[in-house]
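Colleague: Starting from these lines, generate the structure:
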Amino acid sequence: MRSSDQFLSVGMASDCRYAEELYDLVPLHVFQWIYIITSTASIFLVIYTARHYLHRTIFENVTKELIIALYVLITIYSVCLIFAQGSQLVYRYIAPTKCDAQSPKIWCIFRFILTVITWSFVILHLGITFQHFLSSFLFGIRIQTIVSRITIVFSFLYSLIFGVLAYYSDSLEGRTAYCSGFTTHSEGILMFNLYLILVLDVLNTLFSILLWKYNSQKFVTDRESYDLGRSFHRRQNLYAMEQFLPVSALHSIFYVILFCEFYYHDYHTKMVITVTVYFSQALKSNMSPGWYLFTSVAANVVPHYCLLCPLIFLVLIRRGRFKRVSHVQTMVNPERKPNEMYFNALHQQWQ
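Modeller: Residues are numbered from 1 along each chain as shown. Now for the predicted structure:
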């Protein structure tokens, strides 16, 4: 009995030291505020783009459904990040002492959601690429719609199922100085998914590039056959892929960085072993627990993806719309000769 009491007192003392270190770690609090501001901007940007610009594109309805699902995921991630980081800051500001700057573990639910929902982004990107594949090989709209909706449902169910499997053994009782997405019980299943999703994400980007090249070549071939319907279809595919390729590439780059970052549960649990295991252990041995946690928080690039993804869509959609307006203005310019207008319009149609 005495040994268990001593172990409990040592654990509480170490928890208190960890809470005190995080309380005084100003750079950590700065990054928490940066993520809150970034997430808020992401939500407003998603709403603005979806409301004012998404319906103005020449995307097919099936593609718009996938974009809306991607926007929903970005919104969920941003909201959960605001609650996860905001709760830590609130309990720090209202704590009577540094040791009391610990939030109830029930708030860790939002951190758990942040961890598992990152897989849904990859599944949706896979669904978008597969829809482009079906469209490139002239499958019907009905088949594309069925596949895209199955992808949307599966992206949410996948995160839900693996989230339950990963965290059902974790207790939400007590308090913690900082919530971690990786726990003792969830480490194995989460690392398996990280390896799987990383490979799928990189392959998806490479396949998207190959698919874009294939459509570019087929567009030239179809143009020579003077099939206006198929030529327009290829042009529409290329337009859609040009909007998605930067986002897919950005997500792959960010996911590789996320995979290689240094996950740290808290100061007394084992670190998850990643591909950077040697560097991580060397860094860990030269840093205090609080500063090591700060490197993990600062390496989280998903909030930046959630901001840049709708921003890239907005810029590319506006640029494409400006090009189409310019083409229309060129065609209706009254100062140009009719023959010149006719042949220029025909030339632009077959470009």
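Colleague: from here on, contacts and neighbour counts on C-alpha atoms
Modeller: Fine.
Colleague: dump the residue contacts of Ile43.
Modeller: For Ile43, the contact set (CA atoms under 8 Å, 6 or more residues apart in numbering) comprises 74-75, 78-79.
Colleague: what secondary structure does it sit in?
Modeller: Reduced to three states with DSSP: H, G, I helix; E, B strand; the rest coil, the structure at Ile43 is helix.
Colleague: Relative to Ile141, how far out is it?
Modeller: Distance from Ile43 to Ile141, counting by CA to CA, to the nearest Å: 31 Å.
Colleague: Just the element for the nearest residue to Glu21 once chain neighbours are set aside, please.
Modeller: Of all residues not flanking Glu21 in the chain, Gly290 sits nearest, at 6.0 Å (CA to CA, 6 or more residues apart in numbering). Per DSSP states H and E, Gly290 falls inside helix 289-298.
Colleague: what ranges do the strands span in this structure?
Modeller: With DSSP state E as the criterion, the chain has strands at 103-104, 175-176.
Colleague: Let's have those strands in TSV, adding mean pLDDT and distance to Ile67.
Modeller: Formatted as TSV, those follow (pLDDT from 0 to 100; distance: least, CA to CA, whole Å):
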stretch	mean pLDDT	distance to Ile67
strand 103-104	91	35
strand 175-176	90	37
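Colleague: Please produce CSV containing these, extended by distance to Gly86.
Modeller: As requested, the strands of the chain are exported to CSV (distance: least, CA to CA, whole Å):
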stretch, distance to Gly86
strand 103-104, 11
strand 175-176, 14
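Colleague: Output these as CSV; include the columns mean neighbour count.
Modeller: CSV is the format used below for the strands of the chain (neighbours: other CA atoms under 10 Å):
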stretch, mean neighbour count
strand 103-104, 19
strand 175-176, 20
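Colleague: Other residues contacting stretch 23-34?
Modeller: 22, 85-86, 89, 92, 98, 101, 290-291, 294, 297-298.
Colleague: Ok, stretch 193-212 next?
Modeller: 119, 122, 125-126, 129, 132-133, 136, 238, 241, 245, 248-249, 252, 255-256, 259.
Colleague: In helices only, show me those residues.
Modeller: Members of these lying in helices (criterion: DSSP state H): 119, 122, 125-126, 129, 132-133, 136, 238, 241, 245, 248-249, 252, 255-256, 259.
Colleague: before we move on, the earlier item: buried residues in the helix holding Gly290, which are they?
Modeller: By 16 or more other CA atoms under 10 Å, the buried positions in helix 289-298 come out as 289-295, 297.
Colleague: Same check on stretch 154-168?
Modeller: Buried-residue list, stretch 154-168, by 16+ other CA under 10 Å: 154-156, 159-160, 162-163, 166-167.
Colleague: swap in stretch 75-93?
Modeller: Buried, per 16+ other CA under 10 Å, within stretch 75-93: 75-89, 91-92.
Colleague: Show me where the chain has its helices.
Modeller: Along the chain, the stretches classed as helices by DSSP H are 2-23, 26-52, 61-94, 108-136, 141-167, 187-224, 228-260, 277-285, 289-298, 302-331, 338-349.
Colleague: any idea of the angle the fifth one forms with helix 61-94?
Modeller: The reference is to helix 141-167. For helix 141-167 against helix 61-94, the angle by axes from the mean of the first three to the mean of the last three CA atoms, to 10 degrees is 20 degrees.
Colleague: Show me what helix 141-167 packs onto, helices and strands only.
Modeller: helix 61-94, helix 108-136, helix 187-224 (3 or more CA pairs under 8 Å, 6 or more residues apart in numbering; DSSP states H and E).
Colleague: Specify the angle between the second one and helix 141-167 in degrees.
Modeller: This points to helix 108-136. Using the same axes, to 10 degrees: helix 108-136 against helix 141-167 is 160 degrees.
Colleague: now swap in the first one and tell me
Modeller: With the same axes, to 10 degrees as the basis, helix 61-94 and helix 141-167 are set at 20 degrees to each other.
Colleague: what angle sits between helix 61-94 and helix 26-52?
Modeller: Going by the same axes, to 10 degrees, helix 61-94 is angled at 150 degrees with respect to helix 26-52.
Colleague: what about helix 61-94, distance to the chain center?
Modeller: Taking CA atoms, centre = their mean, to the nearest Å, the mean C-alpha location of helix 61-94 is offset from the chain mean by 10 Å.
Colleague: is it true that Phe83 touches Ile109?
Modeller: No: taking CA atoms under 8 Å as the definition, Phe83 is not a contact partner of Ile109, at 9.8 Å.
Colleague: Near Ala41, how many other residues are there?
Modeller: 15 (other CA atoms under 10 Å).
Colleague: cool, and Leu28?
Modeller: Leu28: 19 neighbours (other CA under 10 Å).
Colleague: Likewise for Leu316?
Modeller: 17.
Colleague: so what's His162 up against?
Modeller: Actually, residue 162 is Phe rather than His. Going by CA under 8 Å, 6+ apart, Phe162 touches 116, 189.
Colleague: Over to His132?
Modeller: Taking CA under 8 Å, 6+ apart as the test, what His132 contacts is 211, 237, 241.
Colleague: With respect to Tyr48, which of those is nearest?
Modeller: Using CA to CA, Met241 is the member of the contacts of His132 that lies nearest Tyr48, at 22.0 Å.
Colleague: Neighbours of that closest one, how many?
Modeller: Met241 sits with 21 neighbouring residues when counted by other CA under 10 Å.
Colleague: One more: the one 3 residues further on?
Modeller: Look at Phe244: counted by other CA under 10 Å, it has 22 neighbours.
Colleague: Look up how far Phe207 lies from it.
Modeller: 12 Å.
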